[in-house]
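Undergrad: A predicted structure for the sequence below; I have some questions about it.
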Amino acid sequence: MTETLLRSSGSSQSFSEKEVFFCPEESHFYSHCLERLVLNQCSNSDLVVEFGCGDGTPVINSLTRVSFDGRIHGYELNPSACQIAQSRIAHHDISHQYSVRNQSFFDTFQSDAQYLIANPPYIPAPDDNIAMPLLHGGVDGATITNRLLSLDYPNVMLLVSSYSNPVSTIAHALANDYSVADFMITPLKFGYYSSEPKVKNHISELRKSRKAFYSGNIYFLAGVLFKKRDVSDLNLSTELIRVMTSL
């Protein structure tokens, strides 16, 4: 695997893909999911919290394209990624809309927010001894995703991977009184992190037990808006499962 260097705005310091998550295609998709499924739907008075902001690029790009006047509070454990995010926020002069803290979301999350958004770690592996340990999503890749769906936020927008036991995640959401209100899907190629031999071999094993779905070097990534059933009478969970398991 080759490495790409990322540079913080206004800084000469560079970071590799092993230090800061880097996947332009995935970040671009997350940004568009955020716009369509959250920012174009919610009220400007709604508070949005973000788990795992990375370098902040998806949210920053969205905020420059939509007329959203609310607040997004982000949490990022990786100090290098947080540094880049804070630098980019300052560069775009949007600190009144978007702030990122180098703190654990689960230790300090705000329960009064109306929306939780995240591109959560979903790399499946036997342990976190992988290229970027913070991307480890548990043995089946769904551990952190399912934990976020246990926090009882009214609206949750997450990226869900077809090779990270998506059926269990949808079942977990339904068990926690969520419905699938809307979703977007894109095909992606296995990238830097998922192509690591240890990871790719593990995903192949998950496929045998129908916990991972992919075709050749392609998997599906879905942006899913989960809503509590008392605020949504639409449930597209069956349709989402049909698409995510079709590869």
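TA: Happy to help now that I have it. Keep in mind it's a predicted model, so treat the numbers as computed, not measured.
Undergrad: residue boundaries of the helices in the chain?
TA: Shown for the chain, the helices assigned by DSSP state H span residues 24-34, 57-63, 79-92, 105-108, 143-148, 166-175, 197-208, 237-244.
Undergrad: comparing those helices, which yields the minimum mean pLDDT?
TA: For these, mean pLDDT drops lowest on helix 105-108, to a mean of 92.
Undergrad: before we move on, back to that, right, and the helices of the chain - which one's nearest Leu158?
TA: Nearest to Leu158 among the helices of the chain is helix 143-148; the distance by Cβ to Cβ comes to 5.9 Å. Bear in mind the C-beta positions are built from the backbone N, C-alpha and C, glycine included.
Undergrad: how far does the closest one sit from the chain's center?
TA: Distance of helix 143-148 from its chain centroid, counting by Cα atoms, centre = their mean, to the nearest Å, is 11 Å.
Undergrad: return the set of buried residues in that helix.
TA: Thr143, Ile144, Thr145, Asn146, Leu148 (16 or more other Cβ atoms under 10 Å).
Undergrad: could you dump these to CSV with distance to Asp230?
TA: Compiled in CSV, the buried residues of helix 143-148 are given as follows (distance: Cβ to Cβ, whole Å):
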residue, distance to Asp230
Thr143, 27
Ile144, 25
Thr145, 22
Asn146, 21
Leu148, 19
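Undergrad: and the two most separated of these?
TA: Thr143 and Leu148 (10.0 Å).
Undergrad: what residue ranges in the chain score low on pLDDT?
TA: For the chain, the stretches with pLDDT under 70 are 1-13.
Undergrad: figure out which of the helices of the chain is closest to Ala181.
TA: Judged by Cβ to Cβ, the one of the helices of the chain that comes nearest to Ala181 is helix 237-244, at 9.9 Å.
Undergrad: what about the closest residue to Thr143 other than its chain neighbours, how many neighbours?
TA: Among residues not flanking Thr143 along the chain, Gly137 sits closest, at 5.7 Å (Cβ to Cβ, 6 or more residues apart in numbering). A count of nearby residues for Gly137, using other Cβ atoms under 10 Å, gives 21.
Undergrad: how about the contacts made by Gly137?
TA: Contact partners of Gly137, counting by Cβ atoms under 8 Å, 6 or more residues apart in numbering, are Pro120, Pro121, Tyr122, Ile123, Pro124, Thr143, Ile144, Thr145, Ser164.
Undergrad: look up how far Tyr122 lies from it.
TA: Distance, Gly137 to Tyr122, by Cβ to Cβ, to the nearest Å: 4 Å.
Undergrad: which residues do those two both contact?
TA: Ile144, Thr145, Ser164.
Undergrad: count of neighbours near Gly218?
TA: Heads up, residue 218 is Ile, not Gly. 12.
Undergrad: can you spell out which residues form a bridge with it?
TA: Lys189, Ser215 (DSSP bridges).
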